[in-house]
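Asks: I would like to see how this sequence folds:
(one chain, ligands or ions: 1)
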Amino acid sequence: MDKQPASSWSIHTRPEIIAKYEIFERVGSGAYADVYRARRISDGLTVALKEIFDYQSAFREIDALSLLHGSPNVVLMHEYFWREDENAVIVLEFLRSDLSAVIRDAKRRKKKGSGGEGFSVGEIKRWMIQILNGVDACHRNLIVHRDLKPGNMLVSDDGVLKLADFGQARILMEPDNVATDEEREGEASREPPEVIPDYVNSSQKGSEGQEQEVLSRDEYFRQVEELKAKQVVRDDTDKDSNVPDGDASCLATCTVSEMDDDFGTNSFAYDEEGLDGGGEGLMTSCVGTRWFRPPELLYGSTMYGLEIDLWSLGCVFAELLSLEPLFPGVSDIDQISRVTNVLGNLNEEVWPGCVDLPDYKSISFAEVESPLGVEGCLPNHSGDVIALVKKLICYDPARRATAVELLNDKYFKEEPLPVPVSELYVPPAMSGPDEEDSPRKWNDYREMDSDSDGFGPVNVKPTSSGFTIEFP
Ligand SMILES: Nc1ncnc2c1ncn2[C@@H]1O[C@H](COP(=O)(O)OP(=O)(O)OP(=O)(O)O)[C@@H](O)[C@H]1O
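Replies: Here you go, the predicted structure:
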């Protein structure tokens, strides 16, 4: 979705927000959102204000973060602001860094010879345990994140990792709960309230305020198995059109220059393009970030489940081990080709049923005589850890290990043990303002966003309670 030219300004004109938050500099910008550092006026808490330009993406993020509220390895949503005809703004805990910066720094230190050979085994275990805990929380709640990558794993100064960016997440529902058309119409009018109260002191609640059901391990697996078997999903958030994402494949619809320009690190969700194939419960395959996208999506599947996150998890695991992306494809076809060179050709032997994938017949590669294997991508690593990565990086989604299965693996319990979180190294910010003392003030935005506002020059004057903007 194109950004509105004035979007990055609108947050500063929202009285309900500036009454509660002092907004500083923009700290990030993604495909669907701008993120600002801010201070909660009531108690001085530093927060991130995420202004989301896309309705569907906002709904997804709010729904998922409401369900996941209180999960230690998922970013905390304090509250959100939602008004008709305005961008949604969600208030998140502020985390300064992310795993991609941590990996980049480790790689830089390794190159300079100043920081050893990358992460220690104990560090890798601790990072992975945190990631797995976050993914397990999502999957227990039947939330498929659909865009797991190091850049979406935020990291606090003291080493706590939290999954973030749920703009592409889906909540999978059991078949019995799939809405009828009438129910969907009714739901279309359901919108979050304008402002939801701060969550900080509340107990863990679901998005509708109900107590969050705690699933037993058996119940969790039972639900996952049931979903795997039936593969029925309900999109709770397609309120605009009341249609599922459709069955158009990524290769059919997304192999355009845009896909080739992103160098594999940007996120895509093509839901808003109306990929309406009319199939009940289908999802788009055009999600996620190419380097972390599993084969089923690359081959155009629209019937997938939690397992897509497990493939991405495997890619992140491998990247922690080698400090290099596992499959850095430069196009979708190159992406599939890289996977094939490592895992061998995709056929019924390795994944029964793969011939039914929408794009299976339209993509073929020469026979790969001797695939590299995951071990070939991770030289100098133990057989144990490679076996673990292989449990995630395998063609057949049904064979991928769940997050909780991995967490229970002996690898994480044996020597060398995971280091304490406080011993994880988080690189200092490369640049940027002093967080507490010299925040960028309103006038900075005129310069920062001069290319993105549609207003022309404006006069911003601080006042005792906030600021005023004059449009000459
Ligand atoms: N809670 C937070 N604390 C600090 N910075 C954040 C926070 N959330 C997001 N950011 C920053 O803002 C950037 C964009 O946020 P995010 O990835 O959530 O937006 P998006 O538009 O959904 O992104 P994408 O293009 O990956 O889908 C992040 O890369 C990060 O730098």
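
Asks: With the ligand in mind, check whether the top helix by length along the chain reaches it.
Replies: Secondary structure of the chain read by DSSP state H shows that its longest helix is helix 121-140. No. Helix 121-140 does not reach the ligand (CB under 6 Å from any ligand atom); its nearest approach is 13.7 Å. Heads up, the C-betas are built off the backbone N, CA and C, glycines and all.

Asks: Moving C-terminal from that helix, which element do we reach first?
Replies: For helix 121-140, the following helix or strand on the C-terminal side (DSSP states H and E) is strand 143-144.

Asks: Please identify the helix or strand for the residue of the stretch 101-250 of the chain found nearest the ligand.
Replies: Per CB to the nearest ligand atom, residue 165 is where the stretch 101-250 of the chain lies closest to the ligand, at 3.6 Å. Residue 165 belongs to no helix or strand when assigned by DSSP H and E.

Asks: Now do the nearest residue in space to it that is not next to it in sequence: how many residues are near it, please.
Replies: Counting by CB to CB, 6 or more residues apart in numbering, residue 152 is the residue found nearest to residue 165 once chain neighbours are left out, at 4.2 Å. When neighbours are counted by other CB atoms under 10 Å, residue 152 registers 25.

Asks: try residue 355
Replies: Considering only other CB under 10 Å, residue 355 is surrounded by 11 other residues.

Asks: Excluding chain neighbours, what is closest to it?
Replies: Spatial nearest neighbour of residue 355, excluding adjacent residues (CB to CB, 6+ apart): residue 348 at 6.2 Å.

Asks: Tell me, what's the model's pLDDT at that neighbour?
Replies: Note on residue 348: pLDDT of 97.

Asks: Next one: it relative to residue 354, how far apart?
Replies: For residue 348, the distance to residue 354 equals 6 Å [CB to CB, to the nearest Å].

Asks: Could you list the contact residues of the chain toward the ligand?
Replies: For the chain, the residues in contact with the ligand (CB under 6 Å from any ligand atom) are 27-33, 35, 48, 50, 75, 92, 94-95, 151-152, 154, 164-165, 167, 266-267.

Asks: list the contacts for the residue nearest to residue 165?
Replies: If you count contacts by CB atoms under 8 Å, 6 or more residues apart in numbering, residue 152 has them with 98, 145, 163-165, 267.

Asks: would you list these in JSON lines and tack on pLDDT?
Replies: Below are those laid out as JSON lines (pLDDT from 0 to 100):
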{"residue": "98", "pLDDT": "97"}
{"residue": "145", "pLDDT": "98"}
{"residue": "163", "pLDDT": "98"}
{"residue": "164", "pLDDT": "98"}
{"residue": "165", "pLDDT": "97"}
{"residue": "267", "pLDDT": "61"}
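
Asks: Make a PyMOL selection of the buried ones in the residues you listed.
Replies: A single PyMOL command selects the buried members of the contacts of residue 152 (16 or more other CB atoms under 10 Å):
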select buried, resi 98+145+163+164+165+267
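
Asks: from the contacts of residue 152, which single one is nearest residue 70?
Replies: residue 163 (13.5 Å; CB to CB).

Asks: Bridged to the closest one, which residues?
Replies: Beta-bridge pairing for residue 163 (DSSP bridges): residue 74, residue 153.
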